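Student: Show me the folded form of this:
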Amino acid sequence: MTTLMFILGIVVFAVGLLVSIAWHELGHLSTAKLFGIRVPQYMVGFGPTIWSRNKGETEYGIKAVPLGGYIRMIGMFPPDEAGRVSARSTSPWRGMIEDARSAAFEELKAGDETRMFYTRKPWKRVIVMFAGPFMNLILAIGLFLTVLMGFGIQQQTTTVASVSPCIIAQSQHRDSCRKSDPASPAAAAGMLARDRIVSFGGKPTPDWNTLSDLIRDSAGRTVPIVVQRDGKQLTLHATIATNQVTRKDSSGTYVQGEYVKAGFLGFSAATGVVKQDFGQSVTWMTDRVGDAVDSLVALPGKIPALWNAAFGNGPREPDSPMGIVGAARVTGEIATLHIPASQQLAMALFVVAGFNLSLFLFNMLPLLPLDGGHIAGALWESLRRNVARVLRRPDPGPFDVARLMPVAYVVAGIFVCFTILVLVADIVNPVKIS
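Tutor: Numbering: from 1, shown residues only. I've put the predicted structure just below:
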């Protein structure tokens, strides 16, 4: 049964992956057609074609390897200075440029001279290339909102799970009390497990973050605490102690290994699945986007540890880069957890949403062959033309992105090597759910 559920989880991720790819390419396709660019192909996957159908001037299909997708637009690159579409050179770098230019003009038909990608104004090209990643962002937001507002997420609540009998500095990493440890304010006030804290110091406590901040800011004060116990509300009085506690950052996340002196009540909060309102969901998503950007910036620095995890004896860090295989394994593990099916589905949707957010950020990097590279080329062309117009100089014409193809091949080679490294790590030393 566990194996079956694991396979089912992988299938769920595979379906989410295919939908995400198709959705991304649909953004490119719809805007290209909107601006009159001819699109001969719309494909999900790479390799041999499994299924395809021609509708109008476009062939729609699915290929064997679901690791990406593409649409083919005619005229992605302009002709060279001599107006030639195809030429050959003995220089291997020049040959790359000429091959890319020739491929951009494949299947050119009569009347297509005004339907090529490069003939569109830069702002239209920016929209076409941005539309793909933007679709991933929209899907990520939709999935995150569905989970946060529809299912809820696991978080600390204002219900008491257990009461600490004494005050122990959190930096000491011990649970047992010593004779010299003073009694905790919560124990002294008569707080019990399963009490739900309704208000603290006269202020309502709708969530854990609010309650935690109020406790931390009340060191040395005696405050009334209203709790719900057995259907009745009781008022307790506690003198908040000063203790060494884990530091929280601006988003309310605990910073492991860093401690500050703040107010301390002395109880452990119970965890539960809590639905978020729209404002809380937006705040949560904003924090996750910030975390994703930080992870992308820190990515090069994680490669040595990833290499050691794949080919050495190093551990696989929880925040280690993870590829499609790793994400599929995690989704499979989620399906085997002994939690309600609704929470399994919610966690799987979170994985797919995070994948789409990563696709958006990754594709926005201003590097060819990524969408961000084409966007950067169109913006540079717009800047050149506008400067020439202001200075009353001749129009420099379209920016020849094909000249950057040698760089694109180098970037693509780096990406391929990194993908292989992540794939090996995901197989031999995968990230696992704790």
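
Student: Past the helix or strand of the chain with the lowest mean pLDDT, which element shows up next along the chain?
Tutor: Lowest by mean pLDDT, DSSP states H and E among the helices and strands of the chain is helix 92-104, with a mean of 49. Counting by DSSP states H and E, the next helix or strand C-terminal to helix 92-104 is helix 122-145.

Student: Show the average pLDDT along that next one.
Tutor: Computed over helix 122-145, the mean pLDDT rounds to 95.

Student: which other helices and strands contact that helix?
Tutor: Other helices and strands packing on helix 122-145, by 3 or more C-beta pairs under 8 Å, 6 or more residues apart in numbering; DSSP states H and E, are helix 2-34, helix 278-297, helix 341-363, helix 371-390. No exception for glycine: its C-beta is placed from N, CA and C like everyone else's.

Student: what's the next secondary structure element after the last one?
Tutor: Following the chain from helix 371-390 toward its C-terminal end, the next helix or strand by DSSP H and E is helix 405-428.

Student: Could you pull up the mean pLDDT of that next one?
Tutor: Helix 405-428 shows an average pLDDT of 87 in the prediction.

Student: Same check on stretch 181-190?
Tutor: Regarding stretch 181-190, the rounded mean pLDDT is 90.

Student: helix/strand/coil for the residue lying closest to residue 254 once chain neighbours are set aside?
Tutor: Take residue 254 and drop its neighbours on the chain: the residue closest to it by C-beta to C-beta, 6 or more residues apart in numbering is residue 246, 4.8 Å away. Under the three-state scheme (DSSP: H, G, I helix; E, B strand; the rest coil), residue 246 adopts strand.

Student: Correct me if wrong: residue 246 contacts residue 255.
Tutor: Yes. Using C-beta atoms under 8 Å, residue 246 is in contact with residue 255, at 6.8 Å.

Student: And these two? Which one has more around it.
Tutor: The neighbour count for residue 246 versus residue 255, taken as other C-beta atoms under 10 Å, is higher for residue 246 (14 against 11).

Student: who touches the more buried one in this structure?
Tutor: Residues counted as contacts of residue 246 (C-beta atoms under 8 Å, 6 or more residues apart in numbering) are 170, 254-256, 258-259.

Student: Kindly report the same for residue 267.
Tutor: 160-164, 184, 186, 191 are the contacts of residue 267 under C-beta under 8 Å, 6+ apart.

Student: which of those has the most neighbours?
Tutor: residue 186 (28 neighbours).

Student: I figured that residue was touching residue 161, is that so?
Tutor: No. Counting by C-beta under 8 Å, residue 186 sits too far from residue 161 to count as a contact (11.6 Å).

Student: hang on, the earlier thing: the residue nearest to residue 254 and residue 170, how far apart?
Tutor: Computed as C-beta to C-beta, to the nearest Å, the residue 246 to residue 170 distance reads 5 Å.

Student: which neighbours do these two share?
Tutor: By C-beta under 8 Å, 6+ apart, the residues touching both residue 246 and residue 170 are residue 259.

Student: Could you count how many residues lie near residue 311?
Tutor: Residue 311 - counted by other C-beta under 10 Å - has 13 other residues nearby.

Student: Quick check: closest non-adjacent residue to it.
Tutor: Residue 311 sits nearest to residue 424 (C-beta to C-beta, 6+ apart), 7.4 Å away.
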